Each structure stands twice: as structure tokens, then as C-alpha cells.
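Peer 1: Sequence and predicted structure below; questions after.
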Amino acid sequence: MSPGIRPDLPSPAPAVVPETEAFWAATAQGRLVLPKCAACATVIWYPKGICPQCGSLDIGWIEASGEGRIYTFTVSRRGEGAYREAGPFVLAYVELDEGPRVMTNIVGCGPESVRIGLRVRAVFDDTGQGSALVRFTPSEP
């Protein structure tokens with residue numbers, strides 16, 4: 001876990017369903033795992049039991065590197081729900097080295113230092129309920 005990355009950013013517990021249970025259990029251990037289709041080798045995001053590329057049900061899990069690049073981002077100054085008082089915060093799509101793009105927060109740096117193409121690595125913010133939210137922090141100086 002990475003406490004103190006951005007202690008004022010909420011870490012609401014996700015809804016866990018059977019298709020996402022392995023993913024959320026791994027986050028609680030500080031690991032990023034992703035589903036991968038055995039038929040066509042597509043790495044899948046968001047975890048589901050069917051391959052969106054070929055329709056196969058033969059899905060397994062791989063340990064991901066947790067590394068990627070910022071594909072796009074925005075700075076949110078006013079959020080909703082638990083994020084109402086959290087602004088400003090960075091909401092981004094990170095393109096993982098394994099291929100999928102995941103929506104996430106960029107933490108551990110000011111919004112002004114975030115840029116498209118910035119190398120980032122996964123960090124895990126504990127929800128306190130057996131899972132952690134995967135966020136990303138710069139891996140470049």
C-alpha cells in the first residue's frame with residue numbers, strides 16, 4: 001500500500017462482483033492483475049468473463065507490470081459525491097504497458113506537472129474494506 005500519496009483524495013470501496021473479485025483481492029495485496037484471453041491474447045480492461053475482442057470465455061489472469069504512460073487527462077476542480085471537496089485532482093487515462101487504457105487518478109505530484117506521455121507506475125490506496133484503488137504516480141523525475 002502507499003499511504004499518504006494524497007490523503008485528502010477519497011478512497012471509496014468498489015462494488016465487488018464475481019468477475020472482478022480476483023482483481024480487487026490483488027489490489028489489497030498491492031498487486032495489479034489483469035484478465036487475458038487465452039484464445040486471442042487480448043489483455044482486457046475492465047475485468048469481465050468474456051473477451052470483448054473474440055467472444056471467448058477462456059479468460060485467465062496475468063500479473064501486470066503496473067507501468068504505463070498518461071494517454072490523456074483533465075484537472076477536475078469540483079467533483080461529485082465523495083470527491084465533492086477533493087479538488088483539484090487529476091483524472092486520467094493511463095495506457096498500461098500491457099495495452100489496455102484504464103481510468104484513474106494521478107497522485108504524488110501537482111496537477112501542473114502532469115503531461116501526456118508521462119511515465120507512471122501504479123500505487124494502491126487502501127479502501128479499508130479489503131480492496132485498494134489503483135492510482136498512478138510519476139515514475140520519471
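Peer 2: Arrived safely, thanks for sending. Given the structure is predicted, the values throughout are model-derived calculations rather than measurements.

Peer 1: can we go C-alpha only for contacts and neighbour counts from here?
Peer 2: Fine.

Peer 1: dump the residue contacts of Gln129.
Peer 2: When contacts are counted by C-alpha atoms under 8 Å, 6 or more residues apart in numbering, Gln129 touches Ala13.

Peer 1: Check the secondary structure at it for me.
Peer 2: Assigned by DSSP: H, G, I helix; E, B strand; the rest coil, the conformation of Gln129 is coil.

Peer 1: quick one, helices of the chain?
Peer 2: With helices called from DSSP state H, the chain shows them at 21-28.

Peer 1: what's the distance between the spatially most distant residue from the centre of the chain and Glu63?
Peer 2: The outermost residue of the chain, judged against the average C-alpha position, is Ala39 (24.7 Å), by C-alpha atoms, centre = their mean. Ala39 is 18 Å from Glu63, where distance means C-alpha to C-alpha, to the nearest Å.

Peer 1: picking that back up, the residue farthest from the centre of the chain against Asp58, yeah?
Peer 2: Yes. Using C-alpha atoms under 8 Å, Ala39 makes contact with Asp58 at a distance of 6.7 Å.

Peer 1: For Arg84, which non-adjacent residue is spatially closest?
Peer 2: Arg78 (5.9 Å; C-alpha to C-alpha, 6 or more residues apart in numbering).

Peer 1: so the one you found touches Pro88, yeah?
Peer 2: Yes. At 6.8 Å, Arg78 and Pro88 qualify as touching, with contact defined as C-alpha under 8 Å.

Peer 1: Which one's more surrounded, these two?
Peer 2: Between Arg78 and Pro88, Pro88 has the larger neighbour count (other C-alpha atoms under 10 Å), namely 15 against 12.

Peer 1: which residues sit in contact with the more buried one?
Peer 2: Applying C-alpha under 8 Å, 6+ apart, the residues contacting Pro88 are Val75, Ser76, Arg77, Arg78, Pro111.

Peer 1: In CSV: the residues you listed, plus pLDDT and distance to Gly49.
Peer 2: Below are the contacts of Pro88 laid out as CSV (pLDDT from 0 to 100; distance: C-alpha to C-alpha, whole Å):
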residue, pLDDT, distance to Gly49
Val75, 95, 33
Ser76, 92, 32
Arg77, 90, 36
Arg78, 84, 35
Pro111, 93, 35
